[in-house]
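Peer 1: I would like the atomic coordinates for the input below:
(one chain, ligands or ions: 1)
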Amino acid sequence: MRLAGQKLTVRIERRALLERVDIEAHGGELLGLIGPNGAGKSTLLRVLAGLQAVDSGEVACDGQPLGRLRPRERARRIAYLPQDGEVHWPLQVETMVALGRLPHRRVWGADEERDRTAVERALAAAGVTALRHRRVSTLSGGERMRALLARALAVEAPVLLADEPVAALDPYHQLAVMELLHAAAGRGAAVVVVLHDLGLAARFCDRLVLLHEGRLLAAGPPGAVLAEDKLRHAYRVTSLRWRHDGRECIVPWQRCDGDAAAGS
Ligand SMILES: Nc1ncnc2c1ncn2[C@@H]1O[C@H](COP(=O)(O)OP(=O)(O)OP(=O)(O)O)[C@@H](O)[C@H]1O
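Peer 2: Next comes the predicted model:
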């Protein structure tokens with residue numbers, strides 16, 4: 001599976017949210033999408049999911065333009081976990097997770113054994129089996145995010161797009177979710193994850209794409225993309241870095257722009 005976007009441009013009221021961005025996600029790979037607030041990460045993920053129209057450029061899934069796939073086929077191929085994590089209906093967790101199976105089910109058809117198995121797998125993988133009978137509206141922010149992740153996993157799609165899935169999670173569950181995404185890639189999925197935590201990006205991602213002001217600033221292995229000069233330029237921070245177990249470790253350390261100098 002290969003999901004590729006070429007020269008993706010999105011404009012709203014003449015402002016470019018994305019400007020000629022190229023991106024490729026391959027099966028078997030965990031691709032991290034990073035960049036400061038407002039850089040265009042969520043917009044790009046929505047474009048890749050087929051949920052946001054582009055002004056120019058094209059997304060293709062294994063060479064087939066996304067726009068030519070039927071919505072049901074697209075939903076089978078691409079699972080998407082949105083950033084806001086809002087659920088407006090007071091659904092039970094397991095009912096919500098089972099919604100992930102809708103693209104696979106016949107119209108009016110009952111769920112089949114493989115649907116039930118996929119739901120059980122997803123509940124277990126996201127660590128929410130014990131919450132299955134709770135109303136989603138009663139969950140904490142972190143629990144809700146994991147329940148939503150379970151819904152995306154239940155699709156068992158070859159492409160998984162996750163927008164800041166660890167932002168609301170404690171360290172234990174951050175590591176659990178990153179391991180889970182890494183494992184999904186290990187089983188052959190193309191996984192794209194939006195992250196603000198550069199340490200997790202460095203540790204878990206096979207490749208990174210760094211966006212800045214709607215443009216692609218860098219793409220490649222974490223060590224190259226997280227180079228000090230690129231972080232200064234994009235994030236306006238310096239960082240502490242070292243290596244452990246052959247991986248780059250990184251902690252943002254100091255702001256390094258005019259505001260920082262003024263002590264604001
Ligand atoms: N519908 C819209 N109308 C106007 N501006 C928009 C719209 N959607 C997004 N934007 C703007 O586009 C820019 C990119 O937004 P986007 O959500 O893609 O950024 P992001 O990199 O995901 O940011 P964050 O890290 O804060 O979540 C932001 O400046 C945002 O305010």
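
Peer 1: so where's the chain uncertain?
Peer 2: Segments of the chain classed as low confidence (criterion: pLDDT under 70) are 107-111, 258-264.

Peer 1: all strands of it, in order?
Peer 2: Using DSSP state E, the strands found in the chain span residues 2-12, 15-26, 29-34, 56-61, 64-65, 78-81, 159-163, 190-194, 207-212, 215-220, 237-244, 247-255.

Peer 1: make CSV out of these and add mean neighbour count and distance to the ligand.
Peer 2: Every residue, glycine included, has its C-beta placed from N, CA and C. Below are those laid out as CSV (neighbours: other C-beta atoms under 10 Å; distance: least, C-beta to the nearest ligand atom, whole Å):
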stretch, mean neighbour count, distance to the ligand
strand 2-12, 17, 4
strand 15-26, 18, 4
strand 29-34, 24, 8
strand 56-61, 18, 15
strand 64-65, 12, 22
strand 78-81, 24, 13
strand 159-163, 25, 7
strand 190-194, 27, 7
strand 207-212, 23, 6
strand 215-220, 17, 12
strand 237-244, 13, 15
strand 247-255, 15, 14
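
Peer 1: among those, which comes closest to residue 129?
Peer 2: For residue 129, the closest of the strands of the chain is strand 78-81, at 18.5 Å, according to C-beta to C-beta.

Peer 1: which residues does the closest one contact?
Peer 2: Counting by C-beta atoms under 8 Å, 6 or more residues apart in numbering, the neighbours of strand 78-81 from elsewhere in the structure are 3, 45-46, 48-51, 61, 100, 148-149, 151-153, 155-157, 159-163, 165.

Peer 1: could you list the paired strands of it along with their orientation?
Peer 2: Listed by DSSP bridges, the sheet partners of strand 78-81 and their directions read strand 159-163 (parallel).

Peer 1: pull the residues that contact the strand it pairs with.
Peer 2: Outside strand 159-163, the residues within contact range by C-beta under 8 Å, 6+ apart are 1, 3, 25, 41-42, 45, 48-49, 61, 77-83, 149, 152-153, 181, 184, 189-194.

Peer 1: repeat that for 7 Å
Peer 2: 1, 3, 25, 42, 45, 48-49, 77-83, 149, 152, 181, 184, 189-194 (C-beta atoms under 7 Å, 6 or more residues apart in numbering).

Peer 1: does residue 7 touch residue 54 like I think?
Peer 2: No: because the distance of 9.0 Å does not satisfy C-beta atoms under 7 Å, residue 7 is recorded as not touching residue 54.

Peer 1: ok, residue 94 - contacts?
Peer 2: The neighbours of residue 94, taking C-beta under 7 Å, 6+ apart as the test, are 119, 123, 132.

Peer 1: my guess is residue 21 contacts residue 10, does it?
Peer 2: No: under the criterion of C-beta under 7 Å, residue 21 is not in contact with residue 10, lying 8.9 Å apart.

Peer 1: among the contacts of residue 94, which ones are buried?
Peer 2: For the contacts of residue 94, a burial check counting by 16 or more other C-beta atoms under 10 Å picks out 119, 123, 132.

Peer 1: make JSON lines from these and add distance to residue 203 to it.
Peer 2: As requested, the buried ones among the contacts of residue 94 are arranged in JSON lines below (distance: C-beta to C-beta, whole Å):
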{"residue": "119", "distance to residue 203": "30"}
{"residue": "123", "distance to residue 203": "26"}
{"residue": "132", "distance to residue 203": "30"}
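
Peer 1: export stretch 55-74 to PDB, keeping only CA atoms.
Peer 2: Listed in PDB are the C-alpha atoms of stretch 55-74, where the atom choice follows Å, rounded to 0.1, in the frame of the first residue of the first chain:
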ATOM      1  CA  ASP A  55      -7.200  23.600  -4.800                       C
ATOM      2  CA  SER A  56      -4.600  21.700  -6.700                       C
ATOM      3  CA  GLY A  57      -2.600  18.500  -6.500                       C
ATOM      4  CA  GLU A  58      -3.800  15.000  -6.000                       C
ATOM      5  CA  VAL A  59      -3.800  12.100  -3.500                       C
ATOM      6  CA  ALA A  60      -3.500   8.600  -4.800                       C
ATOM      7  CA  CYS A  61      -3.800   5.300  -3.100                       C
ATOM      8  CA  ASP A  62      -1.800   2.600  -4.800                       C
ATOM      9  CA  GLY A  63      -1.800   4.800  -7.900                       C
ATOM     10  CA  GLN A  64      -5.600   5.300  -7.900                       C
ATOM     11  CA  PRO A  65      -6.700   8.900  -7.300                       C
ATOM     12  CA  LEU A  66      -8.600   9.100  -4.000                       C
ATOM     13  CA  GLY A  67     -11.400  11.100  -5.700                       C
ATOM     14  CA  ARG A  68     -12.200   8.100  -7.900                       C
ATOM     15  CA  LEU A  69     -12.700   5.600  -5.100                       C
ATOM     16  CA  ARG A  70     -16.200   5.100  -3.800                       C
ATOM     17  CA  PRO A  71     -16.600   6.500  -0.300                       C
ATOM     18  CA  ARG A  72     -17.100   2.900   1.100                       C
ATOM     19  CA  GLU A  73     -14.000   1.700  -0.600                       C
ATOM     20  CA  ARG A  74     -12.000   4.700   0.600                       C
END
